Structures are given as structure tokens and as C-alpha cells.
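Visitor: From the sequence below, what's the structure:
(one chain, ligands or ions: 1)
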Amino acid sequence: MVAVSKTFNTEHIIAAYAAGQKIFGENRLQEALEKIEQLNGYSDINFHFIGHIQSNKVKYFNNYFSLIQSVDRIELAEKIDRKACEGHFIQDILIQVNLTREAQKSGVYVENLNGLINSVCKLKNLVLCGFMYIPPYRENPEENRELFREMKKLYDSYKIKIGDENFKYLSMGMSGDFEIAIEEGSNMVRVGTAIFGSRNY
Ligand SMILES: *Cc1c(COP(=O)(O)O)cnc(C)c1O
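Guide: Got it, this is the predicted structure:
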């Protein structure tokens, strides 16, 4: 489980850490970097980056995130790879999939997924660890069950095709729908509100 700590300060993170949580998710780079800096002394706290990444911001991504969940285009993957090469680190990533082609959302469309995976697998400083998925918002999350199921099928088929033991995470499920996502095969959930309370953006 990734505890999504965006908008919450490091006191909240430390409280969750004291309860045993080690992985936290952030979706804004500046905010994430400030918290990572403040939590420098906690060597076993890991951060995942789960938000949209502008290509011109990749230069600020050092070895700060144990997993970048939101890679969705070749240009971005190549930039992260170059950054990792320069910094002498290996970066674990997930590819974010936009299954239902929502225009306002990040994520690669399914018809471009194969090409993106082929390109990513050639990049020596990236390790492709699976997929991340955010379904459309629904009042009743049951309505997304079928989409979670479809993502699991896609994940399983690529798991066989890629044949790499590092490809092992299907990140889907948030506060409102994680039970359904898990029932349909998720093995990584990103939960914010249900842990930290509601955010007042
Ligand atoms: C904010 C966020 C979450 C957590 O959402 P909650 O509904 O608060 O659990 C999960 N994944 C991503 C990508 C997010 O941006």
C-alpha cells in the first residue's frame, strides 16, 4: 500500500510511519522534494511519484523516488533514462495506462502501449515494474469493476510477453475503490483520503 500524502505535511507522514507505513505517494514535484528533504533522517521511508510529469521537470528528478508510477510517453521515458544515466542510478517505473482514453487524463492509450513498452525495455537505466491505472470517477465504484478486470487482463498478457520478474506490479485502487480493485487483481493500492482524511485543495 502506498499512503498518498499529497497536500499533507511531514507530521502526518511521520505519524503514519510510526504506525508502520513506509511508502508514500506524491503527485507534485516541488511539494515532494520539500518533504523528502525534511524527512532526510528517515532512511527507510520511500516515496513514489504518482502525478503527471512535465518533460522539462525531469532534470529535478534525482534518485528521490523508489518508483515513478506515471510514465506515459516515450519522450518522458527517454529523459528519465538520461537523468538516471547521468546520476548513476537505476530508476524503477510503472507505465500509466489510459484505458478509456479520457482526454484530460495522463496515461498511454492502449494502442500505443506496445510501442512504449518496446522503447522502455531498450532503456538501460529504467526497470519496467508494471502498470498504473486510474479509472474514471464514479459515484458507485462497482461501475469500474469491469475496467479493473480489463486492466488485469492487459497486465497478465504483458507479464507473459515481457517475461521479466521485475514486471510485477499492477497499481490500481484508491480510497473509494481499493476493495474492488484488489478483488480484480490489483497488488498495489494508492490510498490517501482513507488514511489522512479529506484534502482541502
Ligand atoms: C490523490 C491520488 C490518489 C489517492 O486518492 P484518494 O482518493 O485520496 O485515496 C491515488 N492515486 C493518484 C494518482 C492520486 O493522484
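Visitor: What ranges does this structure have for its helices?
Guide: 10-18, 29-38, 74-87, 110-122, 145-162, 178-183, 193-196 (DSSP state H).
Visitor: which ones are touching the residue nearest in space to the middle of the chain?
Guide: Closest to where the C-alpha atoms of the chain average out (Cα atoms, centre = their mean) is residue 69, at 2.3 Å. Shown in contact with residue 69 (Cβ atoms under 8 Å, 6 or more residues apart in numbering): 25, 48, 49, 50, 93, 94, 96, 132, 171, 190. Where C-beta positions appear, they are placed from N, C-alpha and C, glycine not excepted.
Visitor: residues touching the fourth one, list them.
Guide: I take that to be residue 50. By Cβ under 8 Å, 6+ apart, the contact set of residue 50 is 2, 4, 25, 26, 27, 69, 70, 132, 190.
Visitor: hmm, 6 Å instead?
Guide: Residues in contact with residue 50 (Cβ atoms under 6 Å, 6 or more residues apart in numbering) are 25, 27, 69, 70, 190.
Visitor: What sits closest to the fourth one if chain neighbours are left out?
Guide: The shortest distance from residue 70 to any residue that is not its chain neighbour, by Cβ to Cβ, 6 or more residues apart in numbering, is 4.7 Å, and that residue is residue 96.
Visitor: Please list the residues of the chain that sit near the ligand.
Guide: 4, 6, 27, 50-51, 134, 174-176, 190-194 (Cβ under 6 Å from any ligand atom).
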